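Participant: Give me a model of this one.
(4 chains, ligands or ions: 4)
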Amino acid sequence: MIKLTKVTKEYPPRGRALSDVSFHIRKGEFAFLTGHSGSGKSTTLRLIHMAERPSSGEVRVLGFSSELATGRDIWKLRRRVGFVFQDFRLLPGRTALENVAFALEVTGSPRRERIPRANHLLEEVGLSTKSEMSVDVLSGGERQRVAIARALVNEPLVLLADEPTGNLDERAARGVMELFLELNARGTSLLMATHELTLVRSQPDARVLELDEGRLVYDSELVREESA
Amino acid sequence: MIKLTKVTKEYPPRGRALSDVSFHIRKGEFAFLTGHSGSGKSTTLRLIHMAERPSSGEVRVLGFSSELATGRDIWKLRRRVGFVFQDFRLLPGRTALENVAFALEVTGSPRRERIPRANHLLEEVGLSTKSEMSVDVLSGGERQRVAIARALVNEPLVLLADEPTGNLDERAARGVMELFLELNARGTSLLMATHELTLVRSQPDARVLELDEGRLVYDSELVREESA
Amino acid sequence: MHALREALAAIRRAPFLTVLSAGMVALALFVVGLFTVVTYNLHQALTRVEERVEVVAYVRDDVRPEELAALEAELVGMEEVRAVHFVSREDALLAAREDLSEFEDLFTGLDENPLPASFEVELHPGFRSPESVARVAEVASIYPFVEAVAYGRDWVDRLHLLRQIGAIGTTVLGVAFGVVAALIIATAVRIAIFARRDEIYIMRLVGATNGFIRRPFLLEGFLTGLAGGLLATGLTYAAYFAVYRLVFPIEWIPIEWALGGVMTGGLFGILASAIAVRRYLQEV
Amino acid sequence: MHALREALAAIRRAPFLTVLSAGMVALALFVVGLFTVVTYNLHQALTRVEERVEVVAYVRDDVRPEELAALEAELVGMEEVRAVHFVSREDALLAAREDLSEFEDLFTGLDENPLPASFEVELHPGFRSPESVARVAEVASIYPFVEAVAYGRDWVDRLHLLRQIGAIGTTVLGVAFGVVAALIIATAVRIAIFARRDEIYIMRLVGATNGFIRRPFLLEGFLTGLAGGLLATGLTYAAYFAVYRLVFPIEWIPIEWALGGVMTGGLFGILASAIAVRRYLQEV
Ligand SMILES: Nc1ncnc2c1ncn2[C@@H]1O[C@H](COP(=O)(O)OP(=O)(O)OP(=O)(O)O)[C@@H](O)[C@H]1O
Ligand SMILES: Nc1ncnc2c1ncn2[C@@H]1O[C@H](COP(=O)(O)OP(=O)(O)OP(=O)(O)O)[C@@H](O)[C@H]1O
Ligand SMILES: [Mg+2]
Ligand SMILES: [Mg+2]
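Facilitator: Ligands and ions are numbered 1, 2, ... in the order given. Next up, the predicted model:
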């Protein structure tokens, strides 16, 4: 499903965000990506989303390879991968509902299905009362939940979530985690970057990957194999 | 220092972000502002920063009243109040150093003092190696630390921090807290909005204010007085 | 639908910029339009004048009929020639008397007819250039009994030059002002893109195709260009009408040309936008 | 320094927009410049012609000297009058002979001098309007021994009209194109502000004064306007020179006016920017 092979990402002139990272996330897996600030979590997710290409190594997602993917492949890929951005990336000046419905419009889903579906997702994240408000006036946590609703609206095969609970209080964060687990139970693979260790510990069955200064220093799968 | 008297903030047509909130933070105090997502924390800080005016009630900060303050008063006030914004608000396309130095330029501090001072602050937040990088390419946590450095560079009398550790891992968050405590020890009043209860619990001496749906539902000072 | 909604929103957001662009396009196309009207009328006038371009071969009085027949046959056989008329000495005298009635006395007292007989050679429309005329004249002048060949060389040359100046002028002005109009539309579109670069980037991130992103901008350019074209046509018609009424009657250009001008404005807008968008989408 | 750096950065970021604005301002000021040159030359010509505006009062042959003296005294006493010359009948004949030398015969064979004596009244520069001229003529014509008063009414009227048309035309065109230029600069500045609205908002949040934020935009407008003014002056001079060389000699406007034009461009730019910025800063 998602496979990184010896991936290195450099930003010339200086700066190396990732060094020789390899891992493989299978269909239906639930994985955490942890690490200190600046360790390369967002960079990893961006590479999987093919917003950037690796300097060396290969990223394979849903059968598309970073070495071969054309512009056409990339938008096909993005329609099946949901992304909750660390800085939300909502369309300014539009309502919460429009932001979520827009992701459906882009993928060409029929007009009359868009609004009900978008409303349903906003309800799931606890924002049904704010759906008609411009995202410019929403609180930090509310925006984050709009971003989550948008990422889920297309029923993605893979969900990439970058610090999706950073602006949420415990109660809201728990709600989002439940939503993710439910989605995962229905077969969506999930890769979630976070530094909140309480969150990671709350899911003892989940896969955990840890980055440190661009290197993969811990992979729970390998540890389990070794100890077995 | 900061005094809110029966402050209500409404956003017509519907929506009330704050209802009848009153509290008083004295010089040198360290206060947390907690509450669920959307409970009005950011709104409270914006009112104190006079980015908005209350619908009713009065906000007094450093002797300036929300009812009387002119445009001139507002920028005088802002030069003595540091603000770490929830969404950072950095100047795009400029380096971390330029962003921090800009806050000094605005207040008219002498040219040759700006760069050393800005560099010093970036070092304090652990970003000395990234000072020449454009903020557009920094990671979420790195941006947040630039925003913190900018808020501190003018040695503010009051520091308002909105979720300043939301994008930081435990280690970085601890560093920032230490910086804040040090600043507080030197006399700066501090009001920090956060939903991270671990952070709040780590400072048992600090004042705690809790909002719920725009109402002040808990104030540790009043509780202490009552129990006394 | 999305595209139209977005394009109209963009125009609403910066109406002055749109008006400015449309106005500039109109100005550019107006200049082209004026020149087209002038050239078109020049062309019409020249065509009417050229109808009268002919070669006249004067023959000696002592020429024999079979010699005349040979010359006529050769001339008629040339591809340049539409018709050949023989004007006898008597016909020439009659014509001269008629044309110059005020000098009638001059002709009446004559003992002998002083005028020569001649062939008047009409040319086909496509063969009235200086070269064709000269070729026909040369053929006639080879015959020894042809005394002189007249065809107003200067006059034909000058007609030709005028027409060429008109054509070149229209082309040069058209291209120059076209480039200006394209630059202006492209600037307007680039500004619109620049103002919405974050939005475009976000659209790409949620899987929008380039076409989806591009369409509103192309439509915006098209509408701007179309408005400019319409305005230009209106202005040109107003100018034509003013001249027609106040100075002297001139002809309006064919309606298809006017429509063509408007569509050119629209196409122009699309093209300029396409270039502006293409460059930007590659950058992101 | 901050302002200059930012202004130059803004121009570098959108060079075409700056060139477009400067070009449009130049175009607007160029039109004004051309009209100014025309009006200035018209004015010069009119002034030269007006020098010759005078009132002539013809007197009867049987007038008494003291009557003449009374008229002269009254005329000299009027504020409109610069000088009064008495032309005797003999002087008139001499002058006529000189002026009309080709008809000398006409005057030499005369038994009696047919010409009347007259006062030629010169007017002060400020008093050559139809009204002043008419007033002087009226005063003279009240005297019974004054046979006729001549002053070319039509001619004076027409001169006056021409000058008024020139002045009104320059003013109207100046204002119209000035408004266009201002709108264009304001648009350019608004676009610049729009593109940087987030930045402006952030500056305000960290305590920047309005002046600090405004200065780069004002400077940008000033530079754009100045460039437009310079270009317009250059174009106007080129047009002047072309006419001077190829058509007929005209005068160049005073250098102060040209400098004034350039500065007007710059001030214009500042003003337009100030308005654009003010409206925006209030909105935030
Ligand atoms: N300009 C506005 N117009 C309408 N509603 C607004 C406006 N600004 C804020 N609100 C609403 O007021 C409420 C309080 O917002 P605020 O940003 O203060 O919450 P918060 O406590 O900071 O939440 P978070 O922890 O999610 O950042 C929210 O429901 C928000 O949607
Ligand atoms: N375009 C770029 N040019 C240069 N350096 C970059 C670029 N993008 C990222 N980096 C650097 O790469 C490193 C990894 O960044 P990344 O955003 O992946 O960190 P992160 O793990 O997401 O951190 P955080 O938890 O703070 O969000 C950072 O030090 C960052 O400054
Ligand atoms: Mg990150
Ligand atoms: Mg908030």
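Participant: mind checking which helix or strand the spatially most central residue of chain A is in?
Facilitator: Chain A has A:Leu160 as the residue nearest its centroid, 1.6 Å off, counting by CA atoms, centre = their mean. Assigned by DSSP states H and E, A:Leu160 falls within strand A:158-162.
Participant: Can you tell me the SS state at C:Val56?
Facilitator: Three-state assignment for C:Val56 (DSSP: H, G, I helix; E, B strand; the rest coil): strand.
Participant: and the residue of the stretch 151-284 of chain C found nearest chain A, backbone torsions?
Facilitator: Residue of the stretch 151-284 of chain C nearest chain A, by CB to the nearest CB: C:Gly207 (3.6 Å). The C-beta positions use only the backbone N, C-alpha and C, and glycine is treated the same way. With angles defined as degrees, to the nearest 10, C:Gly207 sits at phi 100, psi 20.
Participant: thinking again about what came up before, so the strand holding A:Leu160, near ligand 2 or not?
Facilitator: No: judged by CB under 6 Å from any ligand atom, strand A:158-162 stays clear of ligand 2, getting no closer than 6.9 Å.
Participant: burial of whichever residue of chain C sits closest to ligand 3, as a residue count?
Facilitator: Nearest residue of chain C to ligand 3 (CB to the ion) works out as C:Leu205 at 15.1 Å. By other CB atoms under 10 Å in any protein chain shown, 16 other residues sit near C:Leu205.
Participant: pretty sure it is touching A:Leu91, no?
Facilitator: No: if you go by CB atoms under 8 Å, C:Leu205 and A:Leu91 don't touch, sitting 10.7 Å apart.
Participant: Report the beta-bridge partners for A:Pro209.
Facilitator: Residue A:209: Leu, not Pro. A:Leu33, A:Asp219 (DSSP bridges).
Participant: Give me the pLDDT for it.
Facilitator: In this model, A:Leu209 is scored at 96, pLDDT.
Participant: Spell out which parts of chain A neighbour ligand 2.
Facilitator: A:11, A:15, A:17, A:35, A:37-43, A:86, A:195.
Participant: For ligand 1, state which of those residues is nearest.
Facilitator: Among the residues of chain A next to ligand 2, A:Gln86 lies closest to ligand 1 (CB to the nearest ligand atom), at 15.1 Å.
Participant: for the closest residue to the residue of the stretch 151-284 of chain C closest to chain A other than its chain neighbours, what are its contacts?
Facilitator: Counting by CB to CB, 6 or more residues apart in numbering or on different chains, C:Gly207 lies nearest to A:Arg78, which is 3.6 Å off, once chain neighbours are set aside. Contact partners of A:Arg78, counting by CB atoms under 8 Å, 6 or more residues apart in numbering or on different chains, are A:49-50, C:205-207.
Participant: What about these, which one has the most neighbours?
Facilitator: C:Val206 (25 neighbours).
Participant: Quick one: end-to-end length of stretch C:55-70, please.
Facilitator: 17 Å (CA to CA, to the nearest Å).
Participant: for stretch C:85-102, which positions count as buried?
Facilitator: C:87, C:89, C:92, C:96 (16 or more other CB atoms under 10 Å in any protein chain shown).
Participant: Which ones among these map onto strands?
Facilitator: Counting by DSSP state E, the part of these found in strands is C:Val87.
Participant: Please tabulate the buried residues of stretch C:85-102 in TSV, including the columns pLDDT and distance to chain D.
Facilitator: Output for the buried residues of stretch C:85-102, formatted as TSV (pLDDT from 0 to 100; distance: CB to the nearest CB, whole Å):
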residue	pLDDT	distance to chain D
C:Val87	86	47
C:Arg89	83	52
C:Ala92	81	47
C:Ala96	74	43
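Participant: I'd like the buried residues of stretch C:85-102 written out as TSV, with distance to ligand 2 added.
Facilitator: TSV is the format used below for these (distance: CB to the nearest ligand atom, whole Å):
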residue	distance to ligand 2
C:Val87	90
C:Arg89	98
C:Ala92	93
C:Ala96	93
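Participant: give the contact list for C:Thr39.
Facilitator: Counting by CB under 8 Å, 6+ apart, C:Thr39 touches C:166-167, C:169-170.
Participant: swap the cut-off to 7 Å and go again
Facilitator: C:166-167, C:170 (CB atoms under 7 Å, 6 or more residues apart in numbering or on different chains).
Participant: got it, and A:Arg14?
Facilitator: Counting by CB under 7 Å, 6+ apart, A:Arg14 makes contact with nothing.
Participant: Would you confirm that A:Leu190 contacts A:Leu179?
Facilitator: No: A:Leu190 is beyond contact range of A:Leu179, at 10.7 Å (criterion: CB atoms under 7 Å).
Participant: any idea which element the closest residue to ligand 3 within chain A lies in?
Facilitator: Nearest residue of chain A to ligand 3: A:Ser42, at 3.1 Å (CB to the ion). A:Ser42 belongs to helix A:41-48 when assigned by DSSP H and E.
Participant: could you give the mean pLDDT of that helix?
Facilitator: pLDDT averaged over helix A:41-48 gives 96.
Participant: Equivalent analysis for stretch C:163-179, please.
Facilitator: On average, stretch C:163-179 scores 74.
Participant: Stretch A:179-198 now?
Facilitator: 93.
Participant: give me the element the spatially closest residue to C:Val25 that is not a sequence neighbour is part of.
Facilitator: Among residues not flanking C:Val25 along the chain, C:Gly228 sits closest, at 2.8 Å (CB to CB, 6+ apart). Taking DSSP H and E as the criterion, C:Gly228 maps to helix C:210-246.
Participant: the domain parsing of the chain - what is it?
Facilitator: I went with chain A, as the question did not name one. A:2-80+A:158-227, A:93-155 (automatic domain parsing).
Participant: Sorry, I should have been clearer: chain C.
Facilitator: Domain assignment for chain C by automatic domain parsing gives C:2-48+C:160-283, C:54-150.
Participant: At which residues are the helices of chain C located?
Facilitator: C:2-13, C:15-50, C:65-77, C:89-99, C:104-108, C:130-142, C:153-195, C:197-205, C:210-246, C:255-283 (DSSP state H).
Participant: so which of those gets nearest C:Leu115?
Facilitator: Among the helices of chain C, helix C:89-99 comes nearest to C:Leu115, with 4.1 Å by CB to CB.
Participant: picking that back up, can you pick the most crowded of the residues of chain A next to ligand 2?
Facilitator: Neighbour tally across the residues of chain A next to ligand 2 (other CB under 10 Å): the maximum, 31 neighbours, falls on A:Lys41.
Participant: show me what contacts it?
Facilitator: Contact partners of A:Lys41, counting by CB under 7 Å, 6+ apart, are A:33, A:35, A:193, A:211.
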